[in-house]
Every structure is written in structure tokens, then in C-alpha cells.
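1. sequence below, structure please.
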Amino acid sequence: MNLASLISEKAKLWVKGRKNLFIKIKNSISPKDQVIWMHAASLGEYEQGLPVFTALKEKFPTYKFVLSFFSPSGYEIIKDQSWADLVFYLPLDTKKNAEKLIKYLHPEHVIFVKYDFWFNLLQELSKHHINTIFISTIFRNNQIFFKTYGKWIISILQKVSHFFVQNENSQKLLNSIGIPQNTISGDTRFDRVKMLLSQSIHLEWLEQFKQNKILLVAGSTWKEDDDLIEKFIHKTDIFENFKILIAPHNMNSEYFQKLKKVLKVPTLLFSEIEGKDLQFYNVIILDTIGILTQVYSYADIAYVGGGFGKEGVHNVLEPAIFHTPVIYGPIYHKFIEAEELVNNGGGIVIHSSKDFNTILYELIQNDQKRNEIGQKAQKYILNKPNSTQIILRYFKS
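-> Below is the predicted model:
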């Protein structure tokens with residue numbers, strides 16, 4: 001790993017963040033503290049678990065709350081959050097590390113978000129009879145647990161005290177392999193995005209940029225998505241009443257500069273906005289992380305990237321909660337919320353550059369249609385049950 005850190009910036013952060021980890025934990029948690037610990041693989045899982053973690057903090061005000069990450073994409077953004085008493089990188093899953101974590105953290109409850117199965121850690125938690133739950137978990141038939149050659153790994157799942165799963169199929173799959181300790185609670189991401197409506201969001205730079213024009217926010221875009229936007233820009237003269245903000249998934253400075261150059265309309269990087277009169281620019285490229293959710297609140301139309309790549313579309317819920325029509329590419333079927341959003345009339349799937357141009361023109365020019373689709377998008381989320389409350393009943397005061 002030390003050799004890799006010379007090559008990869010992420011690996012450097014991974015190594016640096018785990019330095020003196022157990023000293024850090026010992027200095028933050030005393031033997032007398034009562035501890036609740038949540039683990040999130042990365043930023044997406046953190047956002048998913050946040051409603052539950054926040055609710056538990058209210059329910060157990062005298063407890064210490066600790067949060068762990070595996071990926072720098074979560075840790076580096078959240079490490080200075082004041083509501084958590086300790087934020088740390090989870091070390092490699094060895095027996096020795098698991099023993100030390102349990103010894104120094106001595107948690108009463110441990111919450112894993114979605115699915116991040118650490119064999120040695122789960123073994124140690126089970127050995128000490130520590131309440132261990134998974135929330136917003138989703139299981140599919142093609143996962144190793146449900147294959148004949150994967151039966152040996154079922155023992156990992158058996159170490160878990162309780163699973164809160166997203167849907168009936170996940171529950172059936174767990175029951176089929178003899179794991180009845182499960183409850184259907186839905187997806188806490190819906191609770192998380194509902195929380196966004198109560199937040200006061202004010203981005204002065206974005207208001208100066210947008211003015212009173214229609215704003216397309218293209219979030220988590222890959223090259224295929226940015227190519228669609230580039231082709232649209234080169235075929236249109238609609239900027240009299242229209243602006244675009246692009247938030248690429250690829251956080252690479254060279255990529256940002258190339259994208260800025262090919263767009264051939266007045267374009268700025270977010271890092272360049274200071275001192276500029278933003279109303280005279282057509283496009284801003286968001287070359288920073290952590291503010292896309294806030295930016296979505298200003299969108300009149302949203303495009304979510306990833307739907308033209310093998311991994312599939314990114315988070316469609318964040319723009320949808322803000323009463324915004326959401327456009328995305330055709331690879332979305334493994335994401336239940338993306339399927340349901342389309343079925344409920346709040347999402348629009350495109351298959352080509354021609355589709356993108358047609359849909360975008362129509363939404364820009366037809367206020368009524370844009371508003372109707374946006375209403376359906378928001379209503380889809382607001383109608384979802386409160387998953388956090390279902391999970392919270394499991395924790396006795």
C-alpha cells in the first residue's frame with residue numbers, strides 16, 4: 001500500500017488517514033463512554049445513514065457517536081463534522097484490527113449502511129454480543145450469498161443481529177438462506193432527501209450566475225454525458241434564457257480544463273468565479289465537491305450522469321426532491337428509485353443525443369410541462385414511508 005500511495009492520491013489519503021488510528025481512538029473514547037458506531041463505505045452511504053444517526057443522537061443524548069469510512073470520498077469531506085465525536089478510517093479487516101477496534105470503542109450498537117461486510121469485524125462483534133444492524137440493505141438473486149458455491153459465506157450474514165432491508169425481495173432472499181432476523185423498512189435515502197427541504201440554502205454566486213433564467217444542473221457526469229451537453233450547446237442559440245451548471249464525476253483538473261475549452265461558450269470553473277461578473281457566463285463547471293446537493297435546489301431541470309456507463313445512473317433523488325424534472329441515460333434498471341421515478345412520471349430516460357436535445361428544448365420552452373414533471377418527481381419522494389422511524393423502534397431507550 002505504501003508503494004501505491006506514491007502513485008495514487010486516494011491511496012495517499014488512505015494511508016495517511018490510518019496513521020496512529022488506535023491512539024486517536026483511545027484519546028477520544030474513554031472506558032466509561034457509551035458508544036454508538038456507524039460505518040459508511042463512502043459519502044453516498046453516509047448520506048443514506050445520516051437520518052438514522054441523527055435520530056439516534058436525539059434518542060441517546062449522553063452517548064458518544066463515532067463514524068467510520070473506508071473511502072476517502074466520505075472521510076475527507078466529513079472528518080471535521082462537529083456532530084460526530086470521532087470520525088476515522090476503518091483499518092484493514094484483520095483479526096488483530098477487529099479486536100483492537102472493539103476493545104477501544106466498546107460500542108453498544110454498530111450500524112452498517114447498505115452492505116459492507118467485514119468478516120473479522122462481524123466475527124468480533126458477534127463474539128462480544130454487540131448489537132449489529134444493517135440498514136437500507138438490498139439483496140439481489142445474483143449475489144454470492146444466494147449461489148450454491150456461496151453457501152460458506154452465509155456465516156458472515158448470520159453474525160448480524162438484524163437487517164433492515166429495502167424491499168420484499170431482499171427479505172425473501174434472506175429468509176431463503178435461513179436468516180429471519182430482518183424487517184422491511186424501505187430506503188433511508190428518501191428520509192435524507194426530505195430533510196433537505198427544511199434546510200435554508202442560499203448560494204449568492206449561483207443566484208448571480210442564474211439571474212432569472214432557466215438553469216440545467218448536470219450532476220455526476222461522465223464523458224458520455226458531457227459529450228451530450230457539448231453537442232447540445234453547439235446546436236443551440238437558446239442561451240438568451242438558459243444557463244448550464246456541470247458537476248463532473250471525474251475530479252481531475254486536466255479534465256475540467258479540456259471540458260471548458262471544448263464548450264465554446266463563455267464558461268468558468270467554480271474555482272475561477274471570484275471577482276467575475278457571473279451573469280455574463282453561460283456555463284459553470286463545478287470543480288469542487290460537497291455542494292452539488294445545494295446546487296440542485298436552484299435547478300429548473302436536472303440531468304444525472306452515469307446512465308450511459310456500465311455502472312449506471314447516479315443519485316436521482318437529490319434533484320427530484322426540489323420539484324425538478326430529472327433526465328438520465330438508459331442504464332438505470334438496477335436502481336429501484338430510478339425505475340420508480342420514471343414510472344411515476346418524474347424521470348425522463350434518454351437513449352441518444354437526439355433524445356437529449358428534443359427533451360431539453362421542450363422542457364426549456366414549456367413551463368407548464370416542466371412544472372408538472374417536477375411536481376411528480378417531488379411527490380414520488382414525499383409519498384415514501386419514514387424508514388428512520390421504523391428502524392428507531394428497534395433501539396430501546
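2. going forward, measure contacts and count neighbours with C-alpha atoms only.
-> Fine.
3. who's in contact with Trp118?
-> Trp118 sits next to Asp93 when contact means Cα atoms under 8 Å, 6 or more residues apart in numbering.
4. list the contacts of the host helix or strand of Ile246.
-> Assigned by DSSP states H and E, Ile246 falls within strand 242-248. Contacts of strand 242-248 with the rest of the structure, by Cα under 8 Å, 6+ apart, involve 210, 213-222, 226, 282-287, 292, 364.
5. now swap in stretch 347-357 and tell me
-> 228, 231-232, 325-330, 338, 341-342, 373, 377.
6. now the strands for this structure?
-> 35-40, 64-69, 86-89, 109-113, 131-137, 162-165, 182-184, 214-221, 242-248, 267-269, 283-285, 301-304, 326-328, 347-349 (DSSP state E).
7. now the ones you listed as a markdown table including mean pLDDT and mean neighbour count?
-> As requested, the strands of the chain are arranged in a markdown table below (pLDDT from 0 to 100; neighbours: other Cα atoms under 10 Å):
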| stretch | mean pLDDT | mean neighbour count |
| --- | --- | --- |
| strand 35-40 | 97 | 24 |
| strand 64-69 | 96 | 23 |
| strand 86-89 | 93 | 23 |
| strand 109-113 | 97 | 22 |
| strand 131-137 | 97 | 23 |
| strand 162-165 | 97 | 24 |
| strand 182-184 | 97 | 19 |
| strand 214-221 | 97 | 24 |
| strand 242-248 | 97 | 24 |
| strand 267-269 | 97 | 21 |
| strand 283-285 | 98 | 25 |
| strand 301-304 | 98 | 27 |
| strand 326-328 | 98 | 26 |
| strand 347-349 | 98 | 22 |
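8. will you turn those into TSV that also has distance to Glu99?
-> TSV is the format used below for the strands of the chain (distance: least, Cα to Cα, whole Å):
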stretch	distance to Glu99
strand 35-40	15
strand 64-69	16
strand 86-89	16
strand 109-113	15
strand 131-137	15
strand 162-165	22
strand 182-184	27
strand 214-221	38
strand 242-248	40
strand 267-269	47
strand 283-285	46
strand 301-304	42
strand 326-328	45
strand 347-349	47
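9. quick one: pLDDT of Gln15?
-> You called it Gln, but residue 15 is Val. Turning to Val15, the model gives it a pLDDT of 56.
10. His249 now?
-> Value for His249, per-residue pLDDT: 92.
11. ok, and the closest non-adjacent residue to it?
-> Ser220 (4.3 Å; Cα to Cα, 6 or more residues apart in numbering).
12. need the contact list for that neighbour.
-> 247-249, 304-306, 314.
13. ditto for Thr62
-> Here Thr62 is in contact with Gln34 (criterion: Cα under 8 Å, 6+ apart).
14. and it, how far is that from Val217?
-> 41 Å (Cα to Cα, to the nearest Å).
15. just Thr267 next, same as before
-> From Thr267 to Val217 the distance is 14 Å (Cα to Cα).
16. in CSV, list the contacts of Ser220 along with distance to Ser161.
-> Below are these laid out as CSV (distance: Cα to Cα, whole Å):
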residue, distance to Ser161
Ala247, 39
Pro248, 39
His249, 36
Val304, 36
Gly305, 36
Gly306, 35
His314, 30
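17. of those residues, closest to Trp152?
-> Relative to Trp152, the closest of the contacts of Ser220 is His314; by Cα to Cα it sits at 32.5 Å.
18. now that closest one: phi and psi?
-> phi -80, psi -160 (degrees, to the nearest 10).
19. quick one: pLDDT of Lys10?
-> Reported pLDDT for Lys10: 59.
20. typed the wrong thing, it's Lys264
-> The per-residue pLDDT reported for Lys264 equals 86.
21. so who does it touch?
-> Shown in contact with Lys264 (Cα under 8 Å, 6+ apart): His234.
22. go again using 7 Å as the cut-off
-> Counting by Cα atoms under 7 Å, 6 or more residues apart in numbering, Lys264 touches no other residue.
23. give the buried residues for stretch 77-95.
-> 78-79, 84, 86-91 (16 or more other Cα atoms under 10 Å).
24. the domain parsing of the chain - what is it?
-> For the chain, automatic domain parsing gives the domain ranges 2-196+386-392, 204-382.
25. lowest average confidence across these, which one?
-> domain 2-196+386-392 (a mean of 89).
26. pretty sure Val316 sits against Gly306.
-> No: contact criterion Cα atoms under 7 Å: Val316 and Gly306 do not qualify, at 10.6 Å.
27. setting the sequence-adjacent residues aside, check what's closest to Asn141.
-> Excluding the flanking residues, the one nearest Asn141 by Cα to Cα, 6+ apart is Leu173, at 7.3 Å.
28. count of neighbours near that neighbour?
-> Leu173 sits with 18 neighbouring residues when counted by other Cα atoms under 10 Å.
29. the one 3 residues further on too?
-> The local packing count at Ser176 equals 11, with neighbours defined by other Cα under 10 Å.
30. next one: Leu278
-> By other Cα under 10 Å, the residues close to Leu278 number 21.
31. dump the residue contacts of it.
-> In this structure, Leu278 makes contact with 208-209, judged by Cα under 7 Å, 6+ apart.
32. what do you get for the one 5 residues further on?
-> The neighbours of Val283, taking Cα under 7 Å, 6+ apart as the test, are 243-245, 266-268.
33. how far away is it from Ile301?
-> Going from Val283 to Ile301 by Cα to Cα gives 14 Å.
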